[in-house]
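K.L.:
A structural model of the following input is requested.
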Amino acid sequence: MKINTQEFKPRRGCEVHADEFSGVEQELIQRVIHARRDIRQFRSTPIPADILLRILEAAHAAPSVGFMQPWNFILVESQETRREIKESFNTVNAQEESKLDGTARGELYSSLKLEGILESPLNIAVTCDHSRNESFVLGRAPMPQTAPYSVCLAIENLWLAARAEGIGVGWVSILDKIAVEKILGLPSGVELVAYLCVGYPVEFRSIPMLEEVCWKERAHLQKLIFRDRWGTPAELIPSRSGEDKPSLPAEQQLTISARAWDKINRKTKPLGSLGMLETLAVRLAELQQTLEPKLRRRRICVYAGCHGVTVEGVSAYPSEVTEQMVLNFLSGGAAINVLARHGGIQIHVVDAGVAGNWPAELLRLSNFFPRGVRSGTRNFFREPAMTAAECRQAIEIGREQVRLAVQAGIDALGIGEMGIGNTTAASALIVALLGFHANEAVGRGTGINDAVRERKVEVVAGAVKKHATQACLPLGQYWLEAVGGYEIAAMTGTILEAAKVRMPLVVDGFIATAAAAAAFDINPRCREVCFFSHRSDEQAHGNTLKALEVEPILDLKMRLGEGTGAALAMHLLDASARILCTMASFDSAGISGALEAQVE
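P.N.:
Numbering: from 1, shown residues only. Below is the predicted model of the structure:
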């Protein structure tokens with residue numbers, strides 16, 4: 001590929017300035033960094049020469065020790081050369097895969113697409129010339145590895161510049177380095193640092209592929225920061241709250257709210273024309289105490305638990321389905337996995353009380369939390385579902401997830417659940433806390449027939465009547481103990497802790513709403529942080545939302561659970577924040593506002 005360097009001119013606006021970057025420019029830089037992905041699937045469209053030159057110029061602008069600039073870029077277009085390198089990949093990849101034979105990870109590894117050597121329109125081998133320039137290079141002798149480190153900085157520049165152009169890069173590290181150096185004819189003193197596949201991608205994933213398939217989760221930044229010496233934590237992420245930290249004065253909150261409304265009313269649109277998006281944006285501004293709210297990092301916690309009440313014949317599915325679905329969540333095959341991948345949302349799967357034994361390899365997954373209080377609740381038709389101590393333990397399971405989210409810099413958290421029998425528990429909670437009749441609160445759940453529904457109504461009514469004689473304050477916690485589930489109590493804990501730290505919390509469907517009803521009773525301030533994702537098709541959900549005086553974001557006739565509604569609603573929450581942050585105002589766009597005399 002011939003590149004005419006004489007024709008290259010920086011784009012307008014790319015000239016170097018000594019002044020500070022604007023807020024918009026800072027946001028764009030952050031966006032490119034966080035949108036970078038390791039690409040494996042490419043389209044065949046060739047890369048225009050001028051764009052390739054811009055990308056290489058960005059790489060060449062990287063810092064280097066002693067300004068030695070030790071990099072070279074070999075543009076590998078020959079299919080014959082690439083086939084030889086693909087052979088090296090195949091050999092090394094088979095060796096790596098064999099290390100995981102017979103394990104769940106082995107099956108996952110074999111399913112992964114790990115290179116695009118032949119498919120991508122261009123391969124680039126990036127090298128380090130250790131003999132570059134004179135024998136004395138300032139700063140290199142004390143740390144010789146700074147030469148290849150400098151090349152890595154050039155690679156990062158290349159990667160980010162490519163992403164800004166809509167071009168993907170995939171680093172192929174599963175290679176025999178010596179064999180590839182021989183194929184490329186590298187002379188003595190020149191080392192291969194990276195072999196890159198470059199081209200327009202089939203897609204840019206919302207989150208990294210290995211995180212998407214639950215191979216590994218991004219580490220918590222706070223755990224990686226030390227002060228002065230190894231092991232001494234450095235608290236750089238501001239604490240969102242604390243029990244001894246007073247909340248902001250009401251006047252200050254109102255100020256943020258008023259300013260947010262003023263800002264959104266100045267956008268290039270008729271007043272109120274974006275409906276609920278405007279309300280959501282202002283609520284986010286209040287919670288984050290900023291006129292620039294962000295939902296860049298989002299996570300959904302899916303809590304699972306088994307229910308002893310299933311022995312009363314209240315469900316269409318056997319109890320063991322709960323354990324099986326947890327395995328499905330962890331392998332990435334459930335509806336919530338699909339929707340979370342689509343939305344770039346992390347998933348934590350939490351065993352709050354499942355009757356099952358987990359394989360050792362699952363216990364090592366960073367997004368799985370085996371915290372089971374007990375192997376399912378007791379049959380609440382005959383006795384309380386759990387003890388007071390067990391209920392507190394389950395609530396703490398949910399609180400822990402909020403603390404982890406704060407440490408990881410999560411901007412919004414969602415809750416979902418899985419538990420055969422939990423619509424029965426949720427219905428009982430709604431009857432006890434909101435005064436519904438059992439026949440009003442009990443729906444079809446997993447698709448039960450009329451006879452099973454009649455039994456379910458009988459069980460709910462009988463259980464509430466039985467346990468009402470011992471009711472005590474707070475009622476939210478008492479009824480969790482009496483008729484709840486471990487996963488429902490855990491969701492309640494998540495809501496309580498989210499209120500404490502003022503983290504936006506997206507509530508899923510009927511069962512999650514029952515947890516919210518318990519949380520609202522324990523601490524009414526929980527209402528401030530909760531966003532109700534959708535009105536499910538479960539019979540009592542709509543009336544439950546009305547009784548709680550909350551408005552759902554969506555109504556899609558869904559009744560699956562798992563956090564699926566929360567995943568969809570998070571798109572709209574993010575959209576509302578972006579409207580407030582980035583939509584032009586009448587002033588900035590130079591557009592005339594409405595005539596005051598004609599506005600109602």
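K.L.:
Checking residue 299 next. Helix, strand or coil?
P.N.:
With DSSP: H, G, I helix; E, B strand; the rest coil as the basis, residue 299 sits in strand.
K.L.:
same thing with the one 10 residues further on?
P.N.:
In three-state terms, and counting by three-state DSSP, residue 309 is helix.
K.L.:
how many neighbours does it have?
P.N.:
Using other CB atoms under 10 Å, residue 309 is surrounded by 30 other residues. Where you see a C-beta, it was placed from the backbone N, CA and C, and this is true even at glycine.
K.L.:
Verify the stated contact: it with residue 380.
P.N.:
Yes. In this structure, residue 309 is within contact of residue 380 by CB atoms under 8 Å, at 5.4 Å.
K.L.:
quick one: common contacting residues for those two?
P.N.:
By the contact definition CB atoms under 8 Å, 6 or more residues apart in numbering, residue 309 and residue 380 are jointly contacted by 425, 463.
K.L.:
Distance check, residue 491 against residue 498.
P.N.:
10 Å (CB to CB, to the nearest Å).
K.L.:
Between those two, which is the more surrounded one?
P.N.:
residue 491 (37 against 30).
K.L.:
any idea which element that one lies in?
P.N.:
Residue 491 is part of helix 486-501 when elements are defined by DSSP states H and E.
K.L.:
Please name the strands paired to the helix or strand following that helix in the sheet, noting orientation.
P.N.:
Sequence order places strand 505-507 as the next helix or strand after helix 486-501, per DSSP H and E. If you go by DSSP bridges, strand 505-507 pairs up with strand 412-418 (parallel), strand 530-532 (parallel).
K.L.:
ok, back up a step: and the average pLDDT for the helix holding residue 491 is what?
P.N.:
For helix 486-501, the mean pLDDT works out to 97.
K.L.:
Confirm residue 188 sits in a strand?
P.N.:
No. Residue 188: not assigned to a strand; according to three-state DSSP it is coil.
K.L.:
any idea how far it is from residue 131?
P.N.:
For residue 188, the distance to residue 131 equals 8 Å [CB to CB].
K.L.:
Between those two, point out the one with more neighbours.
P.N.:
residue 131 (13 against 7).
K.L.:
any idea what sits nearest that one, other than its immediate chain neighbours?
P.N.:
Leaving aside its chain neighbours, residue 131 sits nearest to residue 189 (4.3 Å; criterion: CB to CB, 6 or more residues apart in numbering).
K.L.:
per-residue confidence for the one you found?
P.N.:
At residue 189, the predicted lDDT confidence score is 92.
K.L.:
Low-confidence bits of the stretch 101-250 of the chain, can you list those?
P.N.:
Residues of the stretch 101-250 of the chain that meet the criterion pLDDT under 70 lie in 104, 133-134, 236-250.
K.L.:
How is the chain partitioned into domains?
P.N.:
With domains defined by automatic domain parsing, the chain comprises 5-13+21-204, 285-582.
K.L.:
ok, back up a step: check contacts around the residue nearest to residue 131.
P.N.:
Contacts for residue 189 (CB under 8 Å, 6+ apart) come out as 129-131.
K.L.:
And residue 210, by the same measure?
P.N.:
Taking CB under 8 Å, 6+ apart, we find residue 210 in contact with residue 216.
K.L.:
what about it, distance to residue 296?
P.N.:
For residue 210, the distance to residue 296 - CB to CB - is 19 Å.
K.L.:
and the domains of the chain, which one's lowest on average pLDDT?
P.N.:
Per-stretch mean pLDDT for the domains of the chain is lowest at domain 5-13+21-204 (a mean of 90).
K.L.:
Now find how far off-centre that one is within its chain.
P.N.:
27 Å (CA atoms, centre = their mean, to the nearest Å).
K.L.:
Then residue 175 would be within a strand, right?
P.N.:
No. Residue 175: not assigned to a strand; according to three-state DSSP it is coil.
K.L.:
Can you tell me how far the nearest residue in space to it that is not next to it in sequence is from residue 119?
P.N.:
Spatial nearest neighbour of residue 175, chain neighbours left out: residue 88 (5.1 Å); criterion: CB to CB, 6+ apart. Taking CB to CB as the measure, residue 88 falls 17 Å from residue 119.
K.L.:
neighbour count winner among the two?
P.N.:
More crowded of residue 88 and residue 119, by other CB under 10 Å: residue 88, with 21 against 17.
K.L.:
For the more buried one, give me its contacts.
P.N.:
Shown in contact with residue 88 (CB under 8 Å, 6+ apart): 175-176, 179-180, 183.
K.L.:
which SSE is it in?
P.N.:
Secondary structure (DSSP H and E) places residue 88 in helix 79-98.
K.L.:
Mind giving me the packing neighbours of the next helix or strand after that helix?
P.N.:
Next helix or strand after helix 79-98 toward the C-terminus (DSSP H and E): helix 104-111. Applying 3 or more CB pairs under 8 Å, 6 or more residues apart in numbering; DSSP states H and E, one finds that helix 104-111 contacts helix 79-98, helix 360-363.
K.L.:
Could you check the angle helix 104-111 makes with helix 79-98?
P.N.:
Counting by axes from the mean of the first three to the mean of the last three CA atoms, to 10 degrees, helix 104-111 lies at 170 degrees to helix 79-98.
K.L.:
Can you name the element that comes right after helix 104-111?
P.N.:
Next helix or strand after helix 104-111 toward the C-terminus (DSSP H and E): strand 122-129.
K.L.:
which residues sit against that next one?
P.N.:
Strand 122-129 is contacted by residues 1, 46-47, 52, 59, 70-77, 82, 85, 117, 147-148, 150-151, 154-155, 158, 180, 184, 186, 189-199 when judged by CB under 8 Å, 6+ apart.
K.L.:
Just the CA atoms of that strand, as PDB, please.
P.N.:
Extracted C-alpha coordinates of strand 122-129, given in PDB (Å, rounded to 0.1, in the frame of the first residue of the first chain):
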ATOM      1  CA  LEU A 122      -4.800  -5.300   6.800                       C
ATOM      2  CA  ASN A 123      -2.400  -6.800   9.300                       C
ATOM      3  CA  ILE A 124       0.300  -4.600  11.000                       C
ATOM      4  CA  ALA A 125       3.300  -6.000  12.700                       C
ATOM      5  CA  VAL A 126       4.700  -3.500  15.200                       C
ATOM      6  CA  THR A 127       8.400  -4.000  16.000                       C
ATOM      7  CA  CYS A 128      11.000  -2.500  18.400                       C
ATOM      8  CA  ASP A 129      14.500  -1.800  17.100                       C
END
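K.L.:
Describe which strands that strand pairs with in its sheet and in which direction.
P.N.:
Strand 122-129 sits in its sheet next to strand 71-76 (antiparallel), strand 190-199 (antiparallel), going by DSSP bridges.
K.L.:
which of those strands sits most buried?
P.N.:
Mean neighbours per residue, mean count of other CB atoms under 10 Å, is largest over the strands paired with strand 122-129 for strand 190-199, with a mean of 22.
K.L.:
Need the CA coordinates for that strand. PDB is fine.
P.N.:
The C-alpha trace of strand 190-199 is given here as PDB (Å, rounded to 0.1, in the frame of the first residue of the first chain):
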ATOM      1  CA  VAL A 190      14.600  -6.000  16.000                       C
ATOM      2  CA  GLU A 191      11.900  -7.600  18.200                       C
ATOM      3  CA  LEU A 192       8.200  -8.300  17.400                       C
ATOM      4  CA  VAL A 193       6.000  -6.500  20.000                       C
ATOM      5  CA  ALA A 194       2.500  -6.800  18.500                       C
ATOM      6  CA  TYR A 195       0.800  -8.400  15.600                       C
ATOM      7  CA  LEU A 196      -2.400  -6.500  14.800                       C
ATOM      8  CA  CYS A 197      -5.400  -7.200  12.700                       C
ATOM      9  CA  VAL A 198      -6.900  -3.900  11.400                       C
ATOM     10  CA  GLY A 199     -10.100  -3.100   9.500                       C
END
